[in-house]
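Novice: below are the sequence and a predicted model; questions follow.
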Amino acid sequence: MDFEYKVVKFFQKTDESIIINKYNGNDSIVKIPETIDNLPVVAIDNSAFKGCENLESIEIPNSVAKIDRMAFADCKNLKSIKLSNSLQIINIATFRNCTSLESINIPNSVVEIKQFAFDNTSLKSIEIPNSVTRIDQVAFVHCSKLERVKLSDSLTEIDVSTFRDCKSLELINIPAKVKVIKSKAFNNCSSLRSIKLSDSVESVEALAFENCINLETIDFSPSTYVSNLAFNGCDKLKSFEQFKRANDFLYSANAFDVKIDGYIGDDETVTIPESINDLPVKTISKLNSNAKTVKIPNSVVVIDRYAFAYSNIISIDLPSSITKINDFTFKGCSHLKSINVPDSITAIGKNAFEDCASLKKISIPDSVIEIGEAAFQRCGSLKTIFIPKYLTEIKPYTFYVCMRLTTINLPESVKAIGEYAFASCYKLQKVRLNNAIQIDKSAFSDCRRLKSINIVE
């Protein structure tokens, strides 16, 4: 037999099974046995077939539930593979550099495709079954012959660089549940000419479609946040036809009010108008601009998710007409140094100030009764934070990796601190808590200088 293998007994199971560690043969056609020594073959180990240059075809029995990373990597002549119907994960770099692999049938048992799974293969088309709920970043990177993709209807995001350098890609569907298209997801897909995004897509991140040089049309909802650099290098992109224009503002309107959808001017100080065509401006959907200072009138009652995300703003005053800072509103505003939060605000959404690297101080009024998860995550310059006195919970990751935060005083109203809420706050030295508080065990993990926790009865 050309297989090296080991007998294993899995946790809480009494039956023994076989894992194939390595294939030592030179056959071009290989059929993995369902059993060896009357024991079921359940897994193929890390790099078991890696670099088997004679291998052209392989059949994997349904007894195999796991194929480990790089199992068939660098099998440059592999053309045909039959996967097990028990397989749940296509692991990291499983078929990387299988440059003769032009097609594959993914069984309905698969729920996840990991990083580099099909990197640099010769796939021409692929259909991802609806059982797949996640495709990790760079899963199909460098598939230069890939022309058509049918994605799973269960996906909620297109991850970073998933289809980067798929230069032949002409047709791909964006499923209705997808909310985010991440950075460089379709970078250098130079054959892509048009794409339609569903209304569920909330954000298209920077460089998502960079250098799609033949992309001519894209259809998406006015409520979708689109980074300034999402279509960098897309020189043939003709229009975003859903917006009207007044001066340098892009907007949409109904019979009663106006929504600001963007700003295309060059001014560093931008003043949002109170009205356009005698209709009040009530919503800011997004403000894609290079503005450093933004002034917002009291006519505005809603600032949408991602409205200022990844922008260049340094300072902003929120009007008293706003009652909530929405999720992701200022995410990635790395230049933001100051913000006035009025006492009309009652809630700050999740990730609202995530990665605001220049924000040193923020005063949160006592009107705020809820702060969402990861709201101030990785605000690396934040030294001082005033917690409102009616807040009842510090949610998970709220101040995660706020590296310069030194002191925390929590009001008596706070009854719970979630996981990693203050984790990796490297300079945190003092914490003042009340004695009736529930603290997750990871809440203060990796706080290297934490010297004292003062519990007040």
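Specialist: Looks like it came in fine.
Novice: and His142, how far from Arg164?
Specialist: 7 Å (CB to CB, to the nearest Å). The C-beta positions use only the backbone N, C-alpha and C, and glycine is treated the same way.
Novice: any buried residues in stretch 253-262, and which?
Specialist: Across stretch 253-262, burial judged by 16 or more other CB atoms under 10 Å covers 257-262.
Novice: sorry, back to before: out of His142 and Arg164, which sits in the more crowded spot?
Specialist: Arg164 (23 against 20; other CB atoms under 10 Å).
Novice: who's in contact with that one?
Specialist: Arg164 is in contact with 138, 141-142, 184-189, counting by CB atoms under 8 Å, 6 or more residues apart in numbering.
Novice: check what pLDDT it gets.
Specialist: Arg164 is assigned 97 on the pLDDT scale.
Novice: spatially, what comes nearest to it if we skip its sequence neighbours?
Specialist: Nearest residue to Arg164, sequence neighbours excluded (CB to CB, 6 or more residues apart in numbering): Asn187, at 4.4 Å.
Novice: kindly report the same for Lys82.
Specialist: Here the residue nearest Lys82, using CB to CB, 6+ apart, is Glu59, at 4.4 Å.
Novice: show the buried residues in the contacts of Arg164.
Specialist: 138, 141-142, 184-189.
Novice: between those residues, which sits nearest Ile284?
Specialist: Within these, distances to Ile284 taken as CB to CB reach their minimum at Ala185, with 25.9 Å.
Novice: may I have the beta-bridge partners of the nearest residue to that closest one once chain neighbours are set aside?
Specialist: Spatial nearest neighbour of Ala185, chain neighbours left out: Ile158 (4.4 Å); criterion: CB to CB, 6+ apart. In this entry, Ile158 is beta-bridged to Ile181, by DSSP bridges.
Novice: now Ile158: how far from Arg305?
Specialist: 18 Å.
Novice: and these two? Which one has more around it.
Specialist: Per other CB under 10 Å, whichever of Ile158 and Arg305 has more neighbours is Ile158, with 25 against 21.
Novice: surely that one touches Asn173?
Specialist: No: using CB atoms under 8 Å, Ile158 makes no contact with Asn173, being 11.0 Å away.
Novice: what's stretch 41-48 in contact with?
Specialist: Applying CB under 8 Å, 6+ apart, the set of residues contacting stretch 41-48 is 5, 17-23, 32-35, 60-61, 63-71, 73.
Novice: gap between stretch 365-385 and the chain center?
Specialist: Distance of stretch 365-385 from the chain centroid (CA atoms, centre = their mean, to the nearest Å) equals 21 Å.
Novice: what mean pLDDT does it get?
Specialist: Computed over stretch 365-385, the average pLDDT equals 94.
Novice: buried ones in that stretch?
Specialist: 368-382, 385.
Novice: ends of it, how far apart?
Specialist: 11 Å (CA to CA, to the nearest Å).
Novice: over to stretch 103-117?
Specialist: End-to-end for stretch 103-117, by CA to CA: 14 Å.
Novice: which residues do Ile158 and Asn173 both contact?
Specialist: Taking CB under 8 Å, 6+ apart as the criterion, Ile158 and Asn173 do not both touch any residue.
Novice: just put the buried ones among the contacts of Arg164 in CSV and tack on secondary structure.
Specialist: Shown next, in CSV, are the buried ones among the contacts of Arg164 (DSSP: H, G, I helix; E, B strand; the rest coil):
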residue, secondary structure
Val138, coil
Val141, coil
His142, coil
Lys184, coil
Ala185, coil
Phe186, coil
Asn187, coil
Asn188, coil
Cys189, coil
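Novice: quick one: which of those is nearest to Thr293?
Specialist: The nearest one, if we look at the buried ones among the contacts of Arg164 relative to Thr293 and count by CB to CB, is Lys184, at 30.4 Å.
Novice: find the nearest non-adjacent residue to that closest one, please.
Specialist: Closest to Lys184 by CB to CB, 6+ apart is Ser161, at 4.5 Å.
Novice: ok now do that neighbour, which residues does it touch?
Specialist: Ser161 touches 137-138, 141, 183-185, 187, counting by CB under 8 Å, 6+ apart.
Novice: domain boundaries for this structure, per the record?
Specialist: 1-122, 316-457 (automatic domain parsing).
Novice: for Ser200, find the nearest of the ones you listed.
Specialist: domain 316-457 (14.9 Å).
Novice: Pro33: neighbour count?
Specialist: Pro33: 14 surrounding residues under other CB under 10 Å.
Novice: I'd like the distance between it and Lys22.
Specialist: 15 Å.
Novice: ok, now which ones touch the residue nearest to Lys82?
Specialist: Applying CB under 8 Å, 6+ apart to Glu59 gives the contacts 30-32, 81-82.
Novice: who does it bridge with?
Specialist: Lys31, Lys82.
Novice: and it, what pLDDT?
Specialist: pLDDT, read off for Glu59, is 96.
Novice: roughly how far apart are it and Val30?
Specialist: Glu59 sits 7 Å away from Val30, going by CB to CB.
Novice: before we move on, what about Asp266?
Specialist: 63 Å.
Novice: more crowded one of the two?
Specialist: Val30 (20 against 10).
Novice: how about the closest residue to that one other than its chain neighbours, what does it touch?
Specialist: Distance criterion CB to CB, 6+ apart; nearest residue to Val30, sequence neighbours excluded, is Ile58 at 4.8 Å. Neighbour list for Ile58: 29-32, 49, 72, 78, 80-82 [criterion: CB under 8 Å, 6+ apart].
Novice: for these, which PyMOL command selects only the ones that are buried?
Specialist: What follows is the PyMOL syntax for the buried subset of these, where burial is set by 16+ other CB under 10 Å:
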select buried, resi 30+32+49+72+78+81+82
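Novice: can you lay out the contacts of Ile58 as CSV showing distance to Leu39 and pLDDT?
Specialist: CSV is the format used below for the contacts of Ile58 (distance: CB to CB, whole Å; pLDDT from 0 to 100):
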residue, distance to Leu39, pLDDT
Ile29, 24, 96
Val30, 19, 96
Lys31, 17, 95
Ile32, 13, 95
Phe49, 20, 96
Phe72, 23, 97
Leu78, 27, 97
Ser80, 27, 94
Ile81, 24, 96
Lys82, 22, 96
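Novice: which one of the contacts of Ile58 is nearest to Lys427?
Specialist: The closest of these, once distances to Lys427 are taken by CB to CB, is Phe72, at 47.5 Å.
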